[in-house]
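> coords please:
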Amino acid sequence: MFVLLYNAALVLEGGAFRGQYTAGVCDMLLAHHIEFSSVIGVSAGSLNGVNFVAKQYGRAANINIQHRHDRDYISMARIFKKKVINMDYLFEDHGLSWRNFDERAYIRSASHFTAVATRLADGKAALFTDMTGEKLTQVLIASCSMPFMMDPAPTPEGLCLDGGVVDSIPFDVARQQGYDKIVVVRTRDVNYRKKPTSRPVAKLYRSYFKDYPLFADAGINRPEVYNRQVAEIEHLERTGQVFNIAPQNPVKVGRVEPNVKKIRALYETGQREAQAILPNLINYLES
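As a prediction, the model looks like this:
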């Protein structure tokens, strides 16, 4: 089998179940044996990232299609316990229909993997590269832990929550790592922009995270930061510095989407759209 390992970075946006678009894109890349020296994921993008590095084609789709209605995995009844999504579920064995994470394949991979989370203490990005074992599980859980819906998770850098709070599309991390070829996979269409944080939500951040005011600031400022990132990605794409993969149409899948047909359709959309742009992607990576 001939593998194309590019000296480039693959950057994966989060978005909870919108990440099924990313899962489809990643599986299409795996199907064509395309790999990257660095894979950087935030929130759901970090889960897609480790599956990609471990070359586990179809794992993310199988989990979120076949197990979406397992209440041990997702249950709105646990919202007051701040465990709507039970992240521990993803790292346990669930029988014959379940594919365990292949950490040995992940460790053997030529790719480096970075998960992005947000520190509660200072509201800044925490970067975790090439973690393994229990620490890998910790940082993945932290990277995906949505504010208000999940408790902060312990990491080697202290308590953290969803990396998307401070760095929704971490292409800047790829540049810090020295890469001048960067492929970004987004989970919103190119026309999407976040609306400013409403006063009630800002008040909720201030109250809920009163012991972590810098984190609250990051949460409140997220729309402004996100929209600046999108504008910069569009500029870098026009100048040939970034290859941007994004849904062609607005994504109508919710963060904890209950409709399995919609989840499957989004995954298939990611595969189909990635297949269509594959020649342009390879041209970008090899130019």
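> The residue most central in space within the chain: helix or strand, and which one exactly?
Centroid-nearest residue in the chain: Gly45, 1.5 Å away (criterion: CA atoms, centre = their mean). Assessed by DSSP states H and E, Gly45 sits inside helix 44-53.
> any idea of the mean pLDDT for the next helix-or-strand element following that helix?
Moving toward the C-terminus from helix 44-53, the next helix or strand (DSSP H and E) is helix 59-66. For helix 59-66, mean pLDDT is 90.
> List the contacts of helix 59-66.
17, 19-20, 23-24, 26-27, 47-48, 51, 90, 97-99, 101, 260, 263-264, 267 (CB atoms under 8 Å, 6 or more residues apart in numbering). Just so you know, the C-beta spots here come from the backbone N, C-alpha and C atoms, and that holds for glycine as well.
> Give me the subset of those residues lying in helices.
19-20, 23-24, 26-27, 47-48, 51, 260, 263-264, 267 (DSSP state H).
> what sits against Arg238?
Listed by CB under 8 Å, 6+ apart, Arg238 has no contact partners.
> How about Ala23?
Contacts of Ala23 by CB under 8 Å, 6+ apart are Asn48, Asn51, Ala60, Ala61, Asn64, Tyr267, Gly270.
> Report how many residues lie close to the nearest residue to it once chain neighbours are set aside.
Excluding the flanking residues, the one nearest Ala23 by CB to CB, 6 or more residues apart in numbering is Ala60, at 3.9 Å. Counted with other CB atoms under 10 Å, residues neighbouring Ala60 total 25.
> same question, Val201
There are 14 residues near Val201, going by other CB under 10 Å.
> That one: which element?
helix 199-208.
> List the buried residues for that helix?
Ala202, Leu204, Tyr205 (16 or more other CB atoms under 10 Å).
> quick one: the helices in the stretch 151-287 of the chain?
All helices of the stretch 151-287 of the chain, identified by DSSP state H, counting those that start in this stretch, fall at 171-176, 199-208, 213-238, 260-286.
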